[in-house]
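Participant: can you look at this prediction? I've put the sequence above it.
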Amino acid sequence: MKTNNDSLILKNRLKVARAEKNLSQGALAKEVGVSRQTISSIETGQFNPTAKLALILCIALDKTFEEIFYFD
């Protein structure tokens, strides 16, 4: 992993994990208490979720943090 924090970019596999559960963006959003736009923004990398939201997403999708989120 890179040591310069400025070069760490949080990426995710949220779309893949969501598809594995056959959930639409809207359905996942409703389940975790955010808007569909928030889910879309996370999936496209425009928004990084808070630690709390990231963990809620992991629980909803039955995945570990490392299975969904990673640094590139």
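Facilitator: Good, I have the coordinates. Numbering: from 1, shown residues only.
Participant: show me which residues of the lengthiest helix in the chain are buried.
Facilitator: Using DSSP state H to define each element, the chain has its longest helix at helix 51-61. Buried residues in helix 51-61, counting neighbours by 16 or more other Cβ atoms under 10 Å, are found at 53-54, 56-58, 60-61. In this view, the C-beta of every residue, glycine as well, is placed from N, C-alpha and C.
Participant: okay, strands next: where are they in the protein?
Facilitator: 10-12, 69-71 (DSSP state E).
Participant: determine how far the first one lies from the middle of the whole chain.
Facilitator: A distance of 7 Å separates the C-alpha centroid of strand 10-12 from that of its chain, computed with Cα atoms, centre = their mean, to the nearest Å.
Participant: from R36, how far out is the most centrally placed residue in the chain?
Facilitator: Residue closest to the mean C-alpha point of the chain, counted by Cα atoms, centre = their mean, is L14 at 4.5 Å. Plainly put, L14 is 13 Å away from R36 if you go by Cβ to Cβ, to the nearest Å.
Participant: likewise Y70?
Facilitator: In this view, Y70 and R36 are 24 Å apart by Cβ to Cβ.
Participant: cool, N12 as well?
Facilitator: From N12 to R36 the distance is 16 Å (Cβ to Cβ).
Participant: before we move on, what about F47?
Facilitator: 13 Å.
Participant: how about T50?
Facilitator: To R36, T50 is 18 Å away according to Cβ to Cβ.
Participant: distance to A27 and pLDDT for the buried residues of helix 51-61 - can I get that in a markdown table?
Facilitator: Listed next are the buried residues of helix 51-61 as a markdown table, based on distance: Cβ to Cβ, whole Å; pLDDT from 0 to 100:
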| residue | distance to A27 | pLDDT |
| --- | --- | --- |
| L53 | 16 | 98 |
| A54 | 18 | 97 |
| I56 | 14 | 98 |
| L57 | 13 | 98 |
| C58 | 16 | 98 |
| A60 | 10 | 98 |
| L61 | 11 | 98 |
